[in-house]
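Chemist: Pasting a predicted model and its sequence here:
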Amino acid sequence: MLRIEDTDGARNTAEASAGIIKGLRWLGLDWDEGPEIGGDRGPYFQSQRKALYDAHLARLEQAGRLYTEPNGAVRLRFLRQPITVNDQVCGAVTFAATEEPDMTLRRPDGSYIFHFVNVVDDIEMGITHVIRGEDHLSNTWKHIEIFQALGATPPVYAHIPLILNADGSKMSKRDAGSAIEHSYIKGGFLPAAVLNYLATLGWTPRSERELLSAAELTALFDPTEIHSANARFDLVKCQWFNAQYLRALSKEDLYQAALPFLRESGLPLEDEARAMAAVDSVRSKVSLLSEIPEWIGYLLREEIQMGEDAMQKLRGNPQSAQLLQVLHGELSALAQWDALSIQGATAAAAAKAAVKPGALMPLMRAALSGQMRGPDVPVIAAIIGREHSLSRLSAAQQH
RNA sequence: GACCCCUUCGUCUAGCGGUUAGGACACAUCCCUUUCACGGAUGCGACACGGGUUCGAUUCCCGUAGGGGUCGCCA
């Protein structure tokens, strides 16, 4: 069930809840009841459940547990008895409950406080398990007191440790790894990879492998195995997970996933087969989708940008022009233009020029891509196509 | 200030009285190789500190230190 906790009208906006829903959907997390789905325990926005809260407040009033401040705020009178939280993660934690001031349930303007509406909703919606951040542990005895005051049984609690930044400081909404949209979607991550990594922070699947699908994680999950210590967010390891998932994607799926970043980069994508081949050729070079465009620019654009190292490669060898000319000749004669044929022609050119293929390949790479790193050279030539490959080889002879 | 949770390699962790303290990421080296990567191999590297309990503590208990959290008419 998804319930939107938007009791604070000033801070909660439609965009905020839309962001939550979008983030959950992106991660592949769904819900049986709630916004966009419906269900018979709604409404699922706390801002629409005021009548329910009024009714429960009236019951507490009848039980003599409330009093009203001069300014109109309504407070619950605590019983001042020790309360033990039986937590699935932290164990039995007892709070003396003697020092805390009585808690406010309703503000002078008639709006309700989060703690109260949460308890009411948990009762009304039949919530059995509450798994939430450890920051709520110290307040849980207050929730239990409200449950008991309403004659209800509290749910099973599991308070999980908070995730910290890499330097151990508290993670806030602006920090890397915090916001789905900003950190992951725009960062070039795959949902399954992020879900997998996040699941291993604060909980270790009892499995030989750590690369696990949502279904596998779900099957393996046991709340009593959740750790009780804070974990730090490690962006590098998260990227490693992403790289693993990237490599496992089909050619088509990888292209679809990369498409938003390709479009944003302005690369020409009219020739979809070529664009798809280009993306596929660098899958083991990158760990993020967002890195792909910079790796494949020369594969899709008409013009190439000669890098400094590539220029030096071409100029460093006095035989460059001659070697490239021999290569040009062999490649021109090819009947088939595919990586394997190109590989063969390159070997033949090297033999004809009496040099090792290892001497020719770097020159060919520099000429075709203007860079000294990238996919296999024959693959580059195959993707670029015969016409552009030959013209680049000719142009490079001028350097 | 009071109260609560926590403490194993740099990071995520396995361990639940007797282990050469294991794995993953990162890092280093080597192999593979036309480049950059991928992949494979090897290496580096930890039980916060001090007391107990015990024949024996990483493991159990108590302190100390350190980290995180709560004490709202925020959620």
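Modeler: Here it is on my side, so go on.
Chemist: got any ranges where the stretch 1-150 of chain A has weak pLDDT?
Modeler: Applying pLDDT under 70 to the stretch 1-150 of chain A picks out residues A:8-12.
Chemist: same thing but at 90, please
Modeler: For the stretch 1-150 of chain A, the stretches flagged by pLDDT under 90 are A:5-20, A:42, A:97-99.
Chemist: Run a quick check on A:R75 versus A:L66, I expect a contact.
Modeler: Yes: under the criterion of Cβ atoms under 8 Å, A:R75 makes contact with A:L66 at 6.8 Å. For the C-beta atoms, the positions are set from N, CA and C on the backbone; glycine is no exception.
Chemist: ok, the nearest residue to A:E225 once chain neighbours are set aside - contacts?
Modeler: Nearest non-adjacent residue to A:E225, counting by Cβ to Cβ, 6 or more residues apart in numbering: A:W203, 6.2 Å away. For A:W203, the contact set (Cβ atoms under 8 Å, 6 or more residues apart in numbering) comprises A:221, A:225-227.
Chemist: residue boundaries of the strands in the stretch 101-250 of chain A?
Modeler: Along the stretch 101-250 of chain A, the segments classed as strands by DSSP state E, counting those that start in this stretch run A:103-106, A:129-133, A:156-160, A:163-164, A:231-232.
Chemist: May I have the strands that pair with the second one, each with its orientation?
Modeler: Next to strand A:129-133 in the sheet, as set by DSSP bridges, lie strand A:156-160 (parallel).
Chemist: Show me what counts as buried in the strand it pairs with.
Modeler: Of all the residues in strand A:156-160, those buried under the rule 16 or more other Cβ atoms under 10 Å are A:157-160.
Chemist: Which member of those is positioned nearest RNA strand B?
Modeler: Closest approach to RNA strand B among the buried residues of strand A:156-160 (Cβ to the nearest atom of the strand): A:H159, at 7.5 Å.
Chemist: That closest one and A:H129 touch, don't they?
Modeler: No: the pair A:H159 / A:H129 is not scored as a contact, 11.8 Å apart, by Cβ under 8 Å.
Chemist: Is it possible to get the strands of the stretch 101-250 of chain A out as a markdown table so that each row also shows distance to RNA strand B?
Modeler: As requested, the strands of the stretch 101-250 of chain A are exported to a markdown table (distance: least, Cβ to the nearest atom of the strand, whole Å):
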| stretch | distance to RNA strand B |
| --- | --- |
| strand A:103-106 | 4 |
| strand A:129-133 | 8 |
| strand A:156-160 | 7 |
| strand A:163-164 | 6 |
| strand A:231-232 | 3 |
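Chemist: Of all these, which one comes closest to A:E33?
Modeler: strand A:129-133 (14.9 Å; Cβ to Cβ).
Chemist: what's the most distant pair in the contacts of A:W203?
Modeler: Distance extremes for the contacts of A:W203: the farthest pair is A:F221 and A:H227 at 13.1 Å, using Cβ to Cβ.
Chemist: that's a strand at A:G64, yeah?
Modeler: No: looking at A:G64 with DSSP: H, G, I helix; E, B strand; the rest coil, it is coil, so not inside a strand.
Chemist: Count the residues that sit near A:E308.
Modeler: 9 (other Cβ atoms under 10 Å).
Chemist: With A:L29 instead?
Modeler: Using other Cβ under 10 Å, A:L29 has 12 neighbouring residues.
Chemist: ok, it to A:A367 distance?
Modeler: As defined by Cβ to Cβ, to the nearest Å, A:L29 lies at a distance of 49 Å from A:A367.
Chemist: Spell out which residues of the stretch 201-350 of chain A are next to RNA strand B.
Modeler: A:201-204, A:210, A:225, A:227-232, A:234, A:236-237, A:240, A:243-244, A:247, A:284-285 (Cβ under 7 Å from any atom of the strand).
Chemist: Now the buried members of these.
Modeler: If you count burial by 16+ other Cβ under 10 Å, the buried members of those come out as A:201-203, A:230-231, A:243-244.
Chemist: As CSV, these with pLDDT would be great.
Modeler: Shown next, in CSV, are those (pLDDT from 0 to 100):
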residue, pLDDT
A:L201, 92
A:G202, 89
A:W203, 93
A:N230, 95
A:A231, 95
A:A243, 98
A:Q244, 97
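Chemist: wait, which of the residues you listed is closest to A:L262?
Modeler: A:A243 (18.4 Å).
Chemist: surely the closest one meets A:V286?
Modeler: Yes: look at A:A243 against A:V286 with Cβ under 8 Å: they come within range, at 7.4 Å.
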